[in-house]
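Peer 1: Sequence and predicted model, in that order:
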Amino acid sequence: MHKKEFLTDHKYTVFMCRYILAEGIVSGSIKDEMVMLNMQNGKYYHLNHVSSRICQLIKNAMYLDEICNELTSEFRIEQEECKKDVQKHLDQLLKLGIVEIIKDDPTP
């Protein structure tokens, strides 16, 4: 069984980590955009279309490559450009406490 470690910063390379919505995040949609409430700090966030789609995808933990595979099938964007852009969005979402990183530890 894999041990899961939740992180809030980049101690590990993005290839070793999955991203997931943080606990205590409540969301709702307004047109194509998402509004989120962080129940832990009481702050509301209005996300643009790209960040909204990323958050929809990571309701179940996903690796950066998995997120970009999904996005490149939906939008006209190259894989490398997608990785760079998505990583920027994820970094911002991490800082806001909307997203957490899960490091899968292969040790029992």
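Peer 2: Nice, I can see it.

Peer 1: For the spatially most central residue of the chain, list the residues it contacts.
Peer 2: For the chain, the residue sitting closest to the mean C-alpha position, by CA atoms, centre = their mean, is Tyr19 at 4.7 Å. Shown in contact with Tyr19 (CB atoms under 8 Å, 6 or more residues apart in numbering): 58, 61-64, 67, 90, 99-102. Just so you know, the C-beta spots here come from the backbone N, C-alpha and C atoms, and that holds for glycine as well.

Peer 1: Then Gln40?
Peer 2: Shown in contact with Gln40 (CB under 8 Å, 6+ apart): 24, 97.

Peer 1: Check which element follows whichever helix in the chain runs longest along the chain.
Peer 2: For the chain, the helix with the greatest residue count under DSSP state H is helix 79-96. Next along the chain after helix 79-96, taking DSSP states H and E as the criterion, comes strand 99-105.

Peer 1: so what does that next one touch, helix or strand wise?
Peer 2: When contacts are defined as 3 or more CB pairs under 8 Å, 6 or more residues apart in numbering; DSSP states H and E, strand 99-105 sits against strand 3-7, strand 17-21, helix 79-96.

Peer 1: so which of those is the most packed in?
Peer 2: Among the helices and strands packed on strand 99-105, strand 17-21 has the highest mean neighbour count (mean count of other CB atoms under 10 Å), at a mean of 21.

Peer 1: what lines up beside that one in the sheet?
Peer 2: strand 62-63 (antiparallel), strand 99-105 (antiparallel) (DSSP bridges).

Peer 1: Distance from the next helix or strand after it to the middle of the chain?
Peer 2: Downstream of strand 17-21, the first helix or strand assigned by DSSP H and E is strand 25-30. Centroid separation between strand 25-30 and its chain, computed with CA atoms, centre = their mean, to the nearest Å, is 15 Å.

Peer 1: so what's Tyr44 bridging to?
Peer 2: In beta-bridge terms (that is, DSSP bridges), Tyr44 pairs with Leu37.

Peer 1: wait, what's in contact with it?
Peer 2: 35-38.

Peer 1: His89 too?
Peer 2: Contacts of His89 by CB under 8 Å, 6+ apart are 50-51, 54.

Peer 1: And the buried ones among the residues you listed, selectable in PyMOL?
Peer 2: Under the burial definition 16 or more other CB atoms under 10 Å, those of the contacts of His89 that qualify are selected in PyMOL by:
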select buried, resi 51+54
